[in-house]
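# what would the 3D arrangement of this be:
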Amino acid sequence: MKKNTAVLHIKGKEPQKVYTLGGRVYTSMIAAKSVFVVTDPPLETFGTEVTKLDTAIKARDGSKIKAQAVVDQTDVVYNMLKSLAYGVNKLADGDMSIILLSGFDCNDEPMQHDIPEKAVIKRLEDGTLPCSIKVFLDAVSDADRYKVEISTTPDDPKSWSTVTDLGSLKKLEINNLVALQKVYVRVSAGNTHGWGIPSEPMAFIPR
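Residues are numbered from 1 along each chain as shown. You can find the predicted model right below:
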């Protein structure tokens, strides 16, 4: 069944465009709070991060530190927008009026595939090489690629780094880790329309 979907229509993560869309989505969803009762992330949290991005953009003065701060905060808001779009699509179930009410753009043509569901890691094991991790998870419906991210401080959204973004379900392995240093792993399922919500982080100590 073909459905309309919410889309970001942002390429290259240009900070000002991410901020503009973030502000529009936040304002629209707050105004329609009775429709978007529960969101992930919470709208208040999202609004705070959008404001931080605006502040970072205005604070740019040519220094590398402040330029990196803009890049990092753009990533935070962009990833939150992807999560919100996923939630909007689940709620709307193809209803264009709900999608437009959220502040997101609606895709020009109905599409046949939804953004994949949230991934679930089954287990982590030692990989084929020293200091590596092999990731196991069940296939996610509509997914044709998997993104693997790692962090040593999982509560910090900025700490997550991508090690694989076009991974095959048959081989999801992380190499060149630090021996005996606990690392957290999360996986997102994706397709040509976007990435689903990342899995819950799972900890592992490579050997």
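
# and the strands in this protein?
Per DSSP state E, the chain carries strands over the ranges 6-7, 105-106, 121-126, 133-137, 145-151, 161-167, 173-174, 183-191, 194-195, 202-204.

# residues near Thr153, how many?
A total of 10 residues lie near Thr153 under the criterion other Cβ atoms under 10 Å. In this view, the C-beta of every residue, glycine as well, is placed from N, C-alpha and C.

# what's opposite the residue nearest to Ser168 when sequence neighbours are not counted in the beta bridge?
Excluding its sequence neighbours, the residue lying closest to Ser168 (Cβ to Cβ, 6 or more residues apart in numbering) is Tyr146, at 7.3 Å. On the basis of DSSP bridges, Tyr146 is bridged to Gly167, Ala189.

# excluding chain neighbours, what is closest to Tyr19?
Per Cβ to Cβ, 6+ apart, closest to Tyr19 is Leu53, 4.9 Å.

# hang on, I meant Ser132
Nearest to Ser132 is Asn175, by Cβ to Cβ, 6+ apart, at 4.5 Å.

# and the residue nearest to Tyr19, what is it in contact with?
Leu53 sits next to 15, 18-19, 22, 70, 73-74, 76-77 when contact means Cβ atoms under 8 Å, 6 or more residues apart in numbering.

# one more time with 6 Å
Residues near Leu53 by Cβ atoms under 6 Å, 6 or more residues apart in numbering: 19, 73, 77.

# so how far is Leu101 from the second one?
Taking Cβ to Cβ, to the nearest Å as the measure, Gln73 and Leu101 are separated by 27 Å.

# these two: which is more packed in?
Shown here are Gln73 and Leu101; by other Cβ under 10 Å, Gln73 has more neighbours (23 against 17).

# so that one sits right up against Lys52, yeah?
Yes. Between Gln73 and Lys52 there is a contact under Cβ atoms under 6 Å: 5.5 Å.

# tell me the pLDDT of the residue nearest to Tyr19.
What the model reports for Leu53 is a pLDDT of 95.

# what's the separation between it and Val187?
On the measure of Cβ to Cβ, Leu53 and Val187 end up 26 Å apart.

# quick check: bridge partners of Ala6?
Cys106.

# neighbours around it, how many?
27.

# and the helix ranked longest in the chain, how far out from the chain middle?
Ordering each helix of the chain by length in residues (DSSP state H) puts helix 64-92 first. Distance of helix 64-92 from its chain centroid, counting by Cα atoms, centre = their mean, to the nearest Å, is 7 Å.

# got it, and stretch 190-197?
Worked out by Cα atoms, centre = their mean, stretch 190-197 lies 9 Å from the chain centre.

# got the CA positions of that stretch in CSV?
Output of stretch 190-197 as CSV, limited to C-alpha atoms (Å, rounded to 0.1, in the frame of the first residue of the first chain):
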residue,chain,number,x,y,z
GLY,A,190,17.7,2.1,6.9
ASN,A,191,16.6,2.3,3.3
THR,A,192,16.6,4.9,0.6
HIS,A,193,14.0,6.9,2.5
GLY,A,194,15.9,7.3,5.7
TRP,A,195,17.1,5.7,8.9
GLY,A,196,14.9,4.2,11.6
ILE,A,197,15.4,4.9,15.3
